[in-house]
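Chemist: model the structure of this input:
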Amino acid sequence: MRKTIMLIVLAIALGAYVYFYEIKGGEERQQQKEAAEKLLTFNKDSVETFSIHSMFSDFTFRKTADGWQIEKPVQTEADETPIHTLLNGLSSVKKIRTFSAKKEKRTSYGLGKRGITIALHGKGGLNAKVEIGEPTSVGSNVYASVNDSTVAIVPVSVKNNATKSLFDWRDKKTVHFDRDKLRELHVHNPSGNFTFTKDGIQWNMTQPLKTKADRSVVDALVNKLFYAKIKSVVSEAPKKLASYQLNKPAFRIELLSGKEKSTNTVLFSKLKAGKAFGKDESRPHVFEVDESFMKPLDKTLFDFRDKSVVSFEKKDADSLSLEYDGEKMIFHKDTTNSWVFAGGEKAKSWKITNVFSALSNLKAKKFLSGKSLHRFGLDTPRGRFMVLSGDTKLAELLIGKKEGELVYAKNNLTGTVVAFDAGKLESLFPKKEDVMEKPKTETKTGEKH
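Modeler: Numbers count the residues shown, from 1 in each chain. Take a look at the predicted model:
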């Protein structure tokens with residue numbers, strides 16, 4: 001019994017040794033080894049401020065609730081991408097080799113006044129400093145030091161991440177706004193004043209007229225402002241906006257976000273020599289953008305409005321009437337949900353589907369005055385296209401004169417008069433023989449074909 005107890009005690013002791021020395025101790029020794037290999041040991045998320053000093057520039061950065069800010073040499077928002085790259089690099093870089101160096105010899109490695117000094121401060125008493133010097137004579141590495149007696153060799157990426165211009169470090173957005181909460185948009189440009197409101201994913205125009213907007217065109221403008229970057233900063237705090245044609249801007253865009261409709265406004269000058277000046281009203285600097293940036297902003301009423309000639313839900317349609325040049329065809333859905341002629345003959349359902357698609361995708365080339373119906377041949381229309389759900393009209397389109405490559409038409413439900421591509425007529429008004437389902441024939445043996 002005593003021998004058994006001794007064996008149990010030895011087994012427990014051996015297990016404790018394996019766990020605490022081999023397993024836990026091994027983990028701690030590995031952590032100590034990895035920490036010793038690193039140039040700096042700190043948690044990048046704990047950094048609250050840092051500075052970069054060299055003979056040529058001084059930068060100071062501070063983390064705020066709204067993100068990283070540049071505090072020196074100017075006060076402005078920072079581009080967080082190069083900051084994260086720098087901090088990630090410093091927190092993970094490993095020393096390739098270290099050697100001792102006397103203080104008076106440090107300058108030969110580009111350390112001290114000739115080098116770059118990065119100082120980090122933050123949570124948990126973080127107070128770290130590293131000096132980065134000249135490239136080594138062999139390999140893509142540089143000299144670095146965190147104290148006065150030891151020099152380390154580290155990858156050159158550490159220096160590259162810290163060697164940036166003010167423009168590299170700063171935020172390069174033209175204007176800040178919450179794209180997902182955007183509810184209203186006011187656009188002033190050389191073509192006029194436009195107001196858009198958002199309903200779900202759809203944009204509607206409310207000024208200068210009430211109509212559905214072309215969602216792709218409005219979204220392109222919004223996305224350009226949200227994603228595109230400025231090319232340069234031309235003045236940090238100009239005394240006179242007139243010097244940049246921004247006292248009377250050619251473009252003024254107001255973005256209203258959220259229920260409270262918080263407003264962000266950005267101004268742009270006219271495009272000249274492929275460039276335009278711009279300014280976010282909430283920030284002091286004036287920036288420059290290029291011609292590609294300005295294209296989505298410089299749109300006309302025609303560009304901004306939805307160009308669909310009619311709008312309806314195909315799934316709701318159960319009756320279709322086509323009339324053109326004296327030929328008229330009426331179709332209904334039967335009890336099997338198949339399309340048939342008014343006389344009962346079967347129609348090719350895929351042909352009817354094509355007709356609906358042609359109508360749904362019909363786009364206006366021009367919007368015209370509804371007062372000149374005689375001018376467009378719409379007082380005595382050449383054709384009529386009507387879609388119904390029961391007794392309710394879903395769409396009714398009158399077809400007028402054909403002039404050149406255009407055909408005039410009137411949406412009879414909205415009163416809108418348009419011109420569309422004459423080449424679309426064939427898809428809208430197919431021939432009866434092309435739509436009718438040919439009856440199956442029987443052979444002498446009674447088989448159907």
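
Chemist: low-confidence ranges in this protein?
Modeler: 1-2, 7, 9-11, 13-36, 440-449 (pLDDT under 70).

Chemist: and with 50 instead?
Modeler: Counting by pLDDT under 50, the ranges of the chain that qualify are 31-32.

Chemist: show me where it has its helices.
Modeler: For the chain, the helices identified by DSSP state H occupy 2-17, 25-37, 80-92, 157-162, 166-169, 215-227, 291-294, 301-304, 349-360, 425-428, 432-435, in order along the chain.

Chemist: can you list the domain ranges for the chain.
Modeler: 44-169, 179-304, 314-435 (automatic domain parsing).

Chemist: now mean neighbour count too, for those domains, in CSV please.
Modeler: C-beta here means a position set from N, CA and C on the backbone, and glycine is covered the same way. Shown next, in CSV, are the domains of the chain (neighbours: other Cβ atoms under 10 Å):
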stretch, mean neighbour count
domain 44-169, 16
domain 179-304, 16
domain 314-435, 16
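
Chemist: those domains into CSV, with extra columns for distance to residue 6?
Modeler: As requested, those are arranged in CSV below (distance: least, Cβ to Cβ, whole Å):
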stretch, distance to residue 6
domain 44-169, 47
domain 179-304, 70
domain 314-435, 84
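
Chemist: looking at these, which is closest to residue 38?
Modeler: Using Cβ to Cβ as the measure, domain 44-169 is the one of these that comes nearest residue 38, at 5.8 Å.

Chemist: what's the closest of the helices of the chain to residue 419?
Modeler: Each of the helices of the chain has some distance to residue 419 by Cβ to Cβ; the shortest is helix 301-304, at 11.6 Å.

Chemist: show me what that closest one is packed up against.
Modeler: Using 3 or more Cβ pairs under 8 Å, 6 or more residues apart in numbering; DSSP states H and E as the contact definition, the elements that helix 301-304 packs against are strand 192-199, helix 215-227.

Chemist: okay, those in a markdown table with distance to residue 45 next?
Modeler: Output for the helices and strands packed on helix 301-304, formatted as a markdown table (distance: least, Cβ to Cβ, whole Å):
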| stretch | distance to residue 45 |
| --- | --- |
| strand 192-199 | 36 |
| helix 215-227 | 27 |
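
Chemist: compare these and give me the one nearest residue 125.
Modeler: Ranking the helices and strands packed on helix 301-304 by their distance to residue 125 (criterion: Cβ to Cβ) puts helix 215-227 first, at 39.2 Å.

Chemist: that closest one to strand 192-199, inter-axis angle?
Modeler: If you take axes from the mean of the first three to the mean of the last three Cα atoms, to 10 degrees, helix 215-227 sits at 90 degrees to strand 192-199.

Chemist: what residues does helix 215-227 touch?
Modeler: Residues outside helix 215-227 that contact it (Cβ atoms under 8 Å, 6 or more residues apart in numbering): 173-175, 177, 179, 182, 185, 187, 196, 201-203, 253, 255, 266, 293, 296-297, 299, 303-304, 306.

Chemist: how about 6 Å then?
Modeler: For helix 215-227, the surrounding residues in contact (Cβ atoms under 6 Å, 6 or more residues apart in numbering) are 174-175, 179, 196, 202-203, 296-297, 303-304.
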